[in-house]
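Asks: Next comes the sequence, and after it the predicted model I'd like to discuss.
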Amino acid sequence: MAIKMTYQVDKGFSFADKVILWGADRQLTRKLLNGDFNAGDNVIDLSQYNNGDTSKNIIQRRDIYENYQEQDNYFFLNFNSNGKLTELELHHGFTINIEGIEIDFSMNIEKVVELLSSISDNKKQLSDGEYFFKKLKLTIASNEAIGGDGPGFAYFYCSKDVTHLIDN
């Protein structure tokens, strides 16, 4: 059985009765979720490609949850350098409610696009099977788009700030 996640644009999300707001403290988020996780804190050194400039390095601070609440699921919570929640990535095991529309990982990506388009008219196709919904501040992708096989819905990303996804 999938866990129900409700996403509220610009506010955050909830898993059942656990409300998590964007900007929440990492330690408090861990305590609230009260589940096993792996801290995935990494620095991806890009300085060799930028004449030694380390300011272009990618710093990842994420908590990785697998089989949360003894269910078959996989998700990441991403935090900034100050330990504040910035992003959520879901990979499977969730039913997602957004403004009364329900999507889940058993659906075909095109069905998910159709449902999300009914509440947001500004989708942008980023690549085959990958879509960005600017007003909803989320991206979705198919299995194939993230390296697997087939058109099934396989990836959900949301954040309060999606400026890095907008073409300038």
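Replies: Arrived safely.

Asks: how many other residues sit next to the closest residue to Q60 other than its chain neighbours?
Replies: In space, and not counting its chain neighbours, Q60 is closest to N42: 4.5 Å by CB to CB, 6 or more residues apart in numbering. C-beta: built from backbone N, CA, C; applies to glycine. Residues near N42, counting by other CB atoms under 10 Å, number 11.

Asks: so what strands line up beside the helix-or-strand element of the chain with minimal mean pLDDT?
Replies: For the chain, using mean pLDDT, DSSP states H and E, the weakest element among its helices and strands is strand 58-60, scoring a mean of 83. Strand pairing for strand 58-60, using DSSP bridges, gives strand 42-44 (antiparallel).

Asks: ok, residues contacting the partner strand?
Replies: Residues external to strand 42-44 that are found in contact with it (CB atoms under 8 Å, 6 or more residues apart in numbering): 57-60.

Asks: wait, which of those residues is closest to T6?
Replies: Nearest to T6 among the contacts of strand 42-44: Q60, at 26.0 Å, using CB to CB.

Asks: Might one say that that closest one is in contact with D45?
Replies: No - Q60 sits out of contact with D45 when judged by CB atoms under 8 Å, with a separation of 11.9 Å.

Asks: Where does pLDDT dip in this structure?
Replies: Applying pLDDT under 70 to the chain picks out residues 168.

Asks: what ranges do the helices span in the chain?
Replies: Using DSSP state H, the helices of the chain run over residues 26-33, 109-117.

Asks: Now do the buried residues in the shortest one.
Replies: It stands for helix 26-33. Under the neighbour-count criterion of 16 or more other CB atoms under 10 Å, helix 26-33 has 26, 29, 33 buried.

Asks: The first one contacts K84, correct?
Replies: Yes - taking CB under 8 Å as the contact criterion, R26 and K84 are neighbours in contact, 7.3 Å apart.

Asks: residues near C158, how many?
Replies: Neighbour count of C158, defined by other CB under 10 Å: 24.

Asks: For it, which non-adjacent residue is spatially closest?
Replies: L138 (4.2 Å).

Asks: where's the one you found relative to F132, distance?
Replies: 8 Å (CB to CB, to the nearest Å).

Asks: Between the two, which is the more surrounded one?
Replies: For the pair L138 and F132, the greater number of neighbours falls to L138 (22 against 19), based on other CB under 10 Å.

Asks: Okay, that one and V112: tell me how far apart.
Replies: 11 Å.

Asks: cool, H92 as well?
Replies: In terms of CB to CB, H92 sits 13 Å off from V112.

Asks: Which residue of the two possesses the greater neighbour count?
Replies: V112 (22 against 18).

Asks: my guess is that one meets I140, correct?
Replies: Yes - V112 lies in contact with I140 (CB under 8 Å); the separation is 5.7 Å.
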